[in-house]
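J.: What follows is a protein structure lacking sequence information:
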(Lines give C-alpha, C1' and ligand atoms only; values in the text may rest on other atoms or scores of the structure.)
Protein backbone atom coordinates (compact mmCIF):
# COMPACT_ATOMS: atom_id res chain seq x y z
CA UNK A 1 0.00 0.00 0.00
CA UNK A 2 1.53 3.31 -1.06
CA UNK A 3 1.59 6.03 1.54
CA UNK A 4 2.93 9.43 2.46
CA UNK A 5 3.47 10.33 6.11
CA UNK A 6 4.23 13.75 7.53
CA UNK A 7 5.58 13.81 11.08
CA UNK A 8 6.31 16.71 13.37
CA UNK A 9 8.36 15.68 16.41
CA UNK A 10 8.32 18.12 19.32
CA UNK A 11 10.71 17.17 22.12
CA UNK A 12 9.99 18.86 25.44
CA UNK A 13 13.20 20.73 26.22
CA UNK A 14 14.11 23.99 27.92
CA UNK A 15 16.71 24.97 25.34
CA UNK A 16 16.10 25.50 21.63
CA UNK A 17 19.55 24.19 20.71
CA UNK A 18 18.71 20.96 22.54
CA UNK A 19 15.42 20.75 20.64
CA UNK A 20 17.28 21.14 17.35
CA UNK A 21 19.84 18.50 18.36
CA UNK A 22 17.13 15.95 19.13
CA UNK A 23 15.14 16.72 15.98
CA UNK A 24 18.37 16.36 13.98
CA UNK A 25 18.78 12.85 15.41
CA UNK A 26 15.23 11.98 14.36
CA UNK A 27 15.84 13.33 10.84
CA UNK A 28 19.10 11.36 10.60
CA UNK A 29 17.12 8.21 11.46
CA UNK A 30 14.55 9.00 8.75
CA UNK A 31 17.39 9.56 6.25
CA UNK A 32 18.88 6.19 7.19
CA UNK A 33 15.64 4.45 6.18
CA UNK A 34 16.53 4.92 2.52
CA UNK A 35 13.04 6.22 1.74
CA UNK A 36 12.38 9.43 -0.13
CA UNK A 37 11.77 12.26 2.36
CA UNK A 38 11.57 16.04 2.53
CA UNK A 39 12.43 18.17 5.55
CA UNK A 40 10.22 21.23 5.94
CA UNK A 41 10.23 23.92 8.62
CA UNK A 42 7.46 22.27 10.64
CA UNK A 43 7.48 18.60 9.64
CA UNK A 44 9.27 15.93 7.68
CA UNK A 45 7.41 14.07 4.94
CA UNK A 46 8.29 10.49 4.03
CA UNK A 47 6.88 8.39 1.21
CA UNK A 48 7.01 4.71 0.45
CA UNK A 49 5.27 1.61 -0.84
CA UNK A 50 5.12 -0.21 2.51
CA UNK A 51 2.57 1.24 4.93
CA UNK A 52 3.81 -0.92 7.81
CA UNK A 53 7.37 0.30 7.31
CA UNK A 54 6.19 3.90 7.45
CA UNK A 55 4.26 3.25 10.68
CA UNK A 56 7.38 1.66 12.18
CA UNK A 57 9.35 4.80 11.28
CA UNK A 58 6.69 6.98 12.94
CA UNK A 59 6.91 4.89 16.10
CA UNK A 60 10.71 4.91 16.11
CA UNK A 61 10.89 8.69 15.65
CA UNK A 62 9.32 9.15 19.07
CA UNK A 63 11.56 6.52 20.68
CA UNK A 64 14.67 8.12 19.19
CA UNK A 65 13.68 11.51 20.59
CA UNK A 66 13.23 10.00 24.05
CA UNK A 67 16.54 8.13 23.86
CA UNK A 68 18.25 11.34 22.72
CA UNK A 69 17.53 12.93 26.07
CA UNK A 70 14.09 14.44 26.34
CA UNK A 71 11.69 13.00 28.88
CA UNK A 72 8.57 13.86 26.89
CA UNK A 73 7.86 14.12 23.17
CA UNK A 74 4.79 15.04 21.19
CA UNK A 75 4.35 13.90 17.61
CA UNK A 76 1.81 15.10 15.10
CA UNK A 77 1.29 12.78 12.16
CA UNK A 78 -0.59 13.08 8.87
CA UNK A 79 -1.06 9.99 6.71
CA UNK A 80 -2.21 9.60 3.13
CA UNK A 81 -2.50 6.05 1.84
CA UNK A 82 -4.04 4.24 -1.07
CA UNK A 83 -4.64 0.51 -1.43
CA UNK A 84 -4.12 0.52 -5.20
CA UNK A 85 -2.70 2.96 -7.69
CA UNK A 86 -0.48 5.95 -7.17
CA UNK A 87 -0.67 8.89 -4.83
CA UNK A 88 0.84 12.27 -5.51
CA UNK A 89 4.54 12.17 -4.67
CA UNK A 90 6.45 14.74 -2.69
CA UNK A 91 8.06 15.97 -5.92
CA UNK A 92 4.71 16.27 -7.67
CA UNK A 93 3.33 18.30 -4.77
CA UNK A 94 6.21 20.72 -4.18
CA UNK A 95 8.75 20.24 -6.96
CA UNK A 96 7.68 23.34 -8.84
CA UNK A 97 8.45 25.42 -5.74
CA UNK A 98 12.00 24.13 -5.29
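T.: Structure received. Quick caveat, the model's predicted, so the values are computed rather than measured.

J.: Flag every buried residue along the host helix or strand of residue 21.
T.: Using DSSP states H and E, residue 21 sits within helix 16-32. Across helix 16-32, burial judged by 16 or more other CB atoms under 10 Å covers 19, 22-23, 25-27, 29-30. C-beta here means a position set from N, CA and C on the backbone, and glycine is covered the same way.

J.: if we take those, which one ends up nearest to residue 83?
T.: Of all these, residue 83 sits closest to residue 30, with 24.3 Å by CB to CB.

J.: phi, psi of residue 40?
T.: Phi and psi for residue 40, reported as degrees, to the nearest 10, are phi -110, psi 180.

J.: Tell me how far it lies from residue 73.
T.: 19 Å (CB to CB, to the nearest Å).

J.: Can you pick out the residue with more neighbours from those two?
T.: Ranked by neighbour count (other CB atoms under 10 Å), residue 40 and residue 73 place residue 73 first, with 19 against 11.

J.: Tell me the pLDDT of the more buried one.
T.: Per-residue confidence (pLDDT) for residue 73: 97.

J.: pretty sure it contacts residue 7?
T.: No - counting by CB atoms under 8 Å, residue 73 does not reach residue 7; the two are 11.1 Å apart.

J.: okay, now the spatially closest residue to residue 43 that is not a sequence neighbour: neighbour count?
T.: Nearest residue to residue 43, sequence neighbours excluded (CB to CB, 6 or more residues apart in numbering): residue 8, at 4.1 Å. Using other CB under 10 Å, the number of residues around residue 8 comes to 15.

J.: Surely residue 8 is within a strand?
T.: Yes - counting by DSSP: H, G, I helix; E, B strand; the rest coil, residue 8 is found in a strand.

J.: ok, what's across the strand from it?
T.: In this structure, residue 8 bridges to residue 76 when assessed by DSSP bridges.

J.: list the contacts for it?
T.: 42-44, 75-77 (CB atoms under 8 Å, 6 or more residues apart in numbering).

J.: what's the spacing between the host helix or strand of residue 5 and its chain's center?
T.: Using DSSP H and E, residue 5 sits within strand 2-11. In terms of CA atoms, centre = their mean, to the nearest Å, the centre of strand 2-11 is set 4 Å apart from its chain centre.
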